[in-house]
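Peer 1: what follows is a predicted protein model with its sequence.
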Amino acid sequence: MDPIAAAIANQDDEATRHASVPRGLRTVVVVGAGGNIGSHVVPHLARMPEIERLVLIDPDRYEEKNLRSQDIHTRDVGQSKVRVQARRARAIRRDLHVVTHACAVESIPLGGLRCDVIVACLDSRSARQSVNQMAWRLGIPWIDAGVTGGSELLARVNTYSPAFEAPCLECAWSNDDYRLLEVKHACETERKVASTNAPAALGGLAASLAALECARLLTGDISGSLAGRQILLDARHHTHFVTSFRRNPRCRFDHHVWPIAPSPHSAKQLRLRDVSTMCEFTGEDLAISLEGERFAMRARCPCGWAASPDDPRVVGLVRRFAESPLTCPQCGKPVVFGGWDLCERIHLKHLSNVAARRTLASLGFVPRDVFSVTAGGCRRWFEL
Ligand SMILES: [Zn+2]
Ligand SMILES: [Zn+2]
């Protein structure tokens, strides 16, 4: 089985597993579940009777150096962080449903983050930006916990609740924040640079604050919660500060909460040509997109090989090629997609009959992806 088909099959297993979980379980998603804050927060959450299901997300494995700053044991070194934390959570409560994702939050389909509260324990600015956007799209409150070690000893918790005029993470960002994001994206060392090496006790402090705030949100105590506010505990000077934030009218994020409908067909059933019937759009300009992803529409190799949009090896989401890069069938070299081969959306009118018969799964869509359809100035969202 090729890697894409295997990935899709795995996702199907995951979807089946989700389906077997009784509906309506009170769920908390922890992003960065194994780190300086995350490793302390998971046991707190596992002990909360309000939570019935935990979704743990973290791509990393434990290293020797983590023993100093994270709540782990020597036997955990070398193991996947989410596996270790899932085992601990289950050891605390046998009836707790625990789902793990050993990958970055950006690789999880939007619907996979559906829950009651998201708790983010991340040191990466771009990952926090992704969580902010995903939480807003789904209309889910999220908690952002952070620490600053070194000469300062600061533990911080912010709560964001998608609502009319409510502030988001990016509302407080300056141009410098965005510049930093771009620079660090470019050198891909952000996670190392941002690593604070904070003491375990400081991570534990931020984790306790985040867990208390999570309990508050789960019991519906929004007015008493930190929604739109930040609490900053200065452990060196024994003081704390509570700051309120406002919606920034110049915020770069659009703050749209999407009204997402369940797709009546799975990714394996739904063909491109049937999307217009499904969403009852008749416009000539019907287009399909997936936020944060681009489509490869054709491929060319310097040796002269070229593939058309009818070629199933090529057309599809670029993420299909991340794990199994496309190699040129003529010269065997990896094919690099130029900017002119990529687009943000697929316009149905540009597709041949052959291409229009392709299923969404064959384009790289997976269960729980939320795609949007636009036509005649209207837009609708569907979750696979
Ligand atoms: Zn904002
Ligand atoms: Zn070639």
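Peer 2: Perfect, I can see it now. Ligands and ions are numbered 1, 2, ... in the order given.

Peer 1: please identify the buried residues of stretch 170-186?
Peer 2: 170, 171, 173, 180, 181, 184 (16 or more other C-beta atoms under 10 Å). (Glycine included, C-beta is placed from N, CA and C.)

Peer 1: for the residues you listed, work out which two are farthest apart.
Peer 2: 171 and 184 (20.6 Å; C-beta to C-beta).

Peer 1: nearest to residue 222, of the buried residues of stretch 170-186?
Peer 2: Using C-beta to C-beta, residue 171 comes nearest to residue 222 of the buried residues of stretch 170-186, at 18.2 Å.

Peer 1: the closest one is in contact with residue 249, isn't it?
Peer 2: No - Residue 171 sits out of contact with residue 249 when judged by C-beta atoms under 8 Å, with a separation of 9.1 Å.

Peer 1: chain neighbours aside, what residue packs nearest to the one residue sitting closest to the centre of the chain?
Peer 2: The geometric centre of the chain, computed from its C-alpha atoms, lies nearest to residue 105 (C-alpha atoms, centre = their mean), at 3.4 Å. If the residues on either side of it in the chain are set aside, residue 105 comes closest to residue 31, at 4.9 Å by C-beta to C-beta, 6 or more residues apart in numbering.

Peer 1: how about residue 354?
Peer 2: Closest residue in space to residue 354, ignoring its immediate chain neighbours: residue 310 at 4.5 Å, by C-beta to C-beta, 6+ apart.

Peer 1: now do the contacts for residue 229.
Peer 2: For residue 229, the contact set (C-beta atoms under 8 Å, 6 or more residues apart in numbering) comprises 158, 159, 242, 243, 244, 245.

Peer 1: got a pLDDT number for the last one?
Peer 2: At residue 245, the model reports a pLDDT of 92.

Peer 1: do the third one as well
Peer 2: Reported pLDDT at residue 242 in the predicted model: 93.

Peer 1: likewise the first one?
Peer 2: Model confidence at residue 158, expressed as pLDDT, equals 96.

Peer 1: hang on, the earlier thing: among the contacts of residue 229, which one has the most neighbours?
Peer 2: When these are compared by neighbour count (other C-beta atoms under 10 Å), residue 158 ends up highest, at 25 neighbours.

Peer 1: ligand 1: which of the buried residues of stretch 170-186 is nearest?
Peer 2: Within the buried residues of stretch 170-186, the smallest distance to ligand 1 is 3.4 Å, found for residue 171 (C-beta to the ion).

Peer 1: assign that closest one to helix, strand or coil.
Peer 2: Taken by DSSP: H, G, I helix; E, B strand; the rest coil, the conformation at residue 171 corresponds to helix.

Peer 1: and residue 91, by the same measure?
Peer 2: Recorded secondary structure, residue 91: helix (three-state DSSP).

Peer 1: that one and ligand 2: what is the separation?
Peer 2: Using C-beta to the ion, to the nearest Å, one obtains 53 Å as the distance from residue 91 to ligand 2.

Peer 1: okay, now that residue: neighbour count?
Peer 2: Taking other C-beta under 10 Å as the criterion, the count of residues near residue 91 is 11.

Peer 1: give me the pLDDT value at it.
Peer 2: On pLDDT, residue 91 comes in at 96.

Peer 1: against residue 84, how distant is it?
Peer 2: Using C-beta to C-beta, to the nearest Å, one gets 11 Å for the distance from residue 91 to residue 84.

Peer 1: tell me where the stretch 201-350 of the chain has strands.
Peer 2: With DSSP state E, counting those that start in this stretch as the criterion, the stretch 201-350 of the chain has strands at 229-234, 239-244, 260-262, 287-289, 295-296, 299-300, 306-307, 316-317, 342-343, 345-347.

Peer 1: contacts for the fourth one?
Peer 2: By C-beta under 8 Å, 6+ apart, the surrounding residues in contact with strand 287-289 are 272, 275, 344, 345, 346, 347, 348, 371, 372, 373, 374, 375.

Peer 1: for residue 126, helix, strand, or coil?
Peer 2: At residue 126 the chain is in helix, as set by three-state DSSP.

Peer 1: correct me if wrong: it contacts residue 181.
Peer 2: Yes - the pair residue 126 / residue 181 is scored as a contact, 5.8 Å apart, by C-beta under 8 Å.

Peer 1: tell me which stretches of the stretch 101-250 of the chain form helices.
Peer 2: Chain-ordered helices for the stretch 101-250 of the chain, with DSSP state H, counting those that start in this stretch as the definition, fall at 125-138, 175-187, 190-194, 200-218.
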